[in-house]
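Student: Show me how the following folds:
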Amino acid sequence: MASFFIPLTGLESDSTALNTIANNLSNMNTTAFKGQTANFSDLFYQQIGAAGSGDPIQVGAGTQVSSIATDFTQGTLNSTGTATDVALNGNGFFVVNNNGVNEYTRAGNFSLDSSGNLVTESGMGVMGYSAVNGVVNTNSPLAQVSIPVGQVEPPKATTTMNMTANLNATSATGTQFPAQITIYDSLGVSHVATVTYTQAGTNTWSYSAALPAADFASGISTPVTGTMNFDSSGNLTTVTPAGGAATTVGTAAGDISSIPVSFSGLADGAANLNMQWNLLGTGGTPTISQVDAASATSATTQDGYDSGQYQNFTISSDGTVSATFSNGQQLAVGQLALANVTNVQGLRMLGGGNYATTMASGAASISTSGTAGLGTLQDGALEESNVNISSEFSNLIIAQRAFEANSKAVTTFDTVTQETINMIH
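Tutor: The predicted structure is shown next:
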């Protein structure tokens, strides 16, 4: 009978709404959980007649759950201080791999497995772009992000060095000013290189770059020498290497911007040290000047370092994963990939905070943080559930009253039916 069927559709739909609300409330503390709402629509109608004006007289057949919409709005970001926790602020999903199949999640409560791979709570691999020698290649296929836990970063021999210094323009001829810089060979052994500047005349200084004699297998140190010339304003203008011709310092064609410095036959058996002593700083300005002030070195830089043991890692806002080593160096080891779809409501929920693409959602487009409309990342933080407890309690009361009303309709129709039967008897 329709009198029973119609409220039964209401009871079934209200039960689904109550289940949805209960699921929202039970996941209030689930990382990056997205609340849902059950939406109703009426069923078909039966025409039982027509009014005098010709308007149809129709009787409805009840209700149904037409959709359960997911609220993908941003949840609150909560700082945890844990390096493996990552929050996504904005659009997109992390890409994780489940036995060769990519899935998508907003939950960034990751951890490391015994091999140093970044994984989800359920052990799925977190996917990203690989890095080679600290350079991320975003055109490469996705691969599981791996952290070099327990590994040693090999040393890097110094290839460039620079000094920011001033030479006293009023120094007497023959005055020497030594400046030191620590450099590294191919074995990671440090050496103290001394560059000795000697006042050779007006606006002219000679230089001699050398390592201690004990650093060489022969016990003999052979310095790299030459002459520097300055203009009347104290700017470095030309450099004349020993046995060479004077060359203008600058960036134009034919100019020089650095001096080759090489040391061979090191006592520790390392490869020959071949370096470039850069003479220019930012904007192409020489870093060595000559004015009436005390000779001094204000800064030295070089690109070598010794070996280092892995210590920790960080994830930047663009998803770059950088490992830090005991030698103070940071090395990019990968970059987290992010994905998005055209229709997020079309995603299929898999549980565990994961989603799969469907025909309705469209294929996932994969890129990196801050590009293609994707959000940015925050290391040491997690996205909280976006369930609003006040709204859920209000919806719970409405759903409860609707269920009670449909239940009352069933009992009322039961009473009417019983009265009808009694009339027959």
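Student: okay, CA-based contacts and neighbour counts for the rest of this
Tutor: Will do.
Student: pLDDT (mean, whole number) over stretch 263-274?
Tutor: The average pLDDT for stretch 263-274 rounds to 96.
Student: List the contacts of it.
Tutor: With contacts defined as C-alpha atoms under 8 Å, 6 or more residues apart in numbering, stretch 263-274 is touched by 157-159, 185-187, 214-218, 222, 260-262.
Student: Those: which two are farthest apart?
Tutor: 159 and 218 (23.1 Å; C-alpha to C-alpha).
Student: Looking at those two, which is more packed in?
Tutor: Counted by other C-alpha atoms under 10 Å, residue 159 and residue 218 do not tie: residue 159 has more neighbours, with 19 against 11.
Student: Report the contact partners of that one.
Tutor: Residue 159 makes contact with 273, 274, 275, 276, 302, 303, 304, according to C-alpha under 8 Å, 6+ apart.
Student: make it 10 Å
Tutor: Applying C-alpha atoms under 10 Å, 6 or more residues apart in numbering to residue 159 gives the contacts 183-185, 260-262, 273-277, 302-304.
Student: what does residue 97 give?
Tutor: Applying C-alpha under 10 Å, 6+ apart, the residues near residue 97 are 103, 104, 119, 120, 123, 124, 125, 126, 127, 142, 143, 144.
Student: Need the phi and psi values for the residue nearest the centre of the chain.
Tutor: Nearest residue to the geometric centre of the chain (C-alpha atoms, centre = their mean): residue 319, 1.2 Å. The phi/psi pair for residue 319 (degrees, to the nearest 10) reads phi 90, psi 0.
Student: just residue 102 next, same as before
Tutor: Dihedral angles (degrees, to the nearest 10) for residue 102: phi -80, psi 130.
Student: and it, how many neighbours?
Tutor: Applying other C-alpha under 10 Å, we find 18 other residues in the vicinity of residue 102.
Student: Which residues does it form beta bridges with?
Tutor: The bridge-partner assignment for residue 102, based on DSSP bridges, gives residue 97.
Student: Go ahead and confirm it touches residue 127.
Tutor: Yes: using C-alpha atoms under 10 Å, residue 102 is in contact with residue 127, at 8.7 Å.
Student: any residues in contact with both of the two?
Tutor: In terms of C-alpha under 10 Å, 6+ apart, residue 102 and residue 127 are both contacted by the residues 94, 95, 96.
Student: List the residues that contact the second one.
Tutor: Looking back up the chat, that one is residue 95. 102-106, 124-128, 142, 144, 336-340, 354-355, 364, 366.
Student: ok, now with 8 Å
Tutor: Counted by C-alpha under 8 Å, 6+ apart, residue 95 has contacts 102, 103, 104, 105, 126, 127, 128, 337, 338, 339.
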